[in-house]
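Chemist: Provide a 3D model corresponding to the input given below.
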Amino acid sequence: MRYTKLIRTMTLGLALAAPTAMANDVAVKLKCPAGATQVGTKAEGLSCAKIDAAQGTQVAHGEYVAFHPNGVKAAQGQFENGLKVGVWTFFDAAGNKRGTTEFKDGGWDGKRTAYFSNGKPQRIEEYKSGRKHGLTQELSKDGKVVSKAHYDHNRLVSAQ
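Modeler: Numbering: from 1, shown residues only. Sure thing, here's the model as predicted:
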């Protein structure tokens, strides 16, 4: 009897708290492409998703946004048929940009930049098909190049 009353009280409490908890997610509306709908929560990340007819499953397709526990944006990017594409941006818990990464077919492809807390680049790397390919630079907080290295398909070719 006591357990039944406890369960009813907890269920009622959750039912009353749920709309308030979900109200935080309502404020974030993604621009989903045709055929995709917004799914997820701020706690797990919000994304656009569509049904993959061949698999009968839901796949990420369109915008994606993740949040730190304090509600500040942690990451923002795009999915195409379940794979990361385009430029993704990453933020620290204070909302400062910490990095950007270019994706193609789900893997690193293009420029990847890490930033100092002052907003200036700390490291700039080039990738092709998920492997370091091209110039990698380490920079100081005042923007001066500290070191350079050149890679060819993840193999170091030269360093300065």
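Chemist: rest of the way, CA atoms for contacts and neighbours
Modeler: Will do.
Chemist: what's the neighbour count on L30?
Modeler: Burial of L30, expressed as a neighbour count using other Cα atoms under 10 Å, amounts to 16.
Chemist: next SSE after the lengthiest strand in the chain?
Modeler: Scanning the chain for the longest strand, with DSSP state E as the assignment, gives strand 57-67. Downstream of strand 57-67, the next assigned helix or strand under DSSP states H and E is strand 73-80.
Chemist: who does that following strand pair up with?
Modeler: Within its sheet, strand 73-80 is paired with strand 57-67 (antiparallel), strand 83-91 (antiparallel), according to DSSP bridges.
Chemist: out of everything not next to it in sequence, what's closest to G77?
Modeler: The spatially closest residue to G77, leaving aside those adjacent along the chain, is W88, at 4.4 Å (Cα to Cα, 6 or more residues apart in numbering).
Chemist: And the helices in the protein, which stretches?
Modeler: Assigned helices in the chain, in chain order: 2-26 (criterion: DSSP state H).
Chemist: sorry, back to before: please identify the deepest-packed of the strands paired with strand 73-80.
Modeler: Mean neighbour count (mean count of other Cα atoms under 10 Å) peaks for strand 57-67 among the strands paired with strand 73-80, with a mean of 21.
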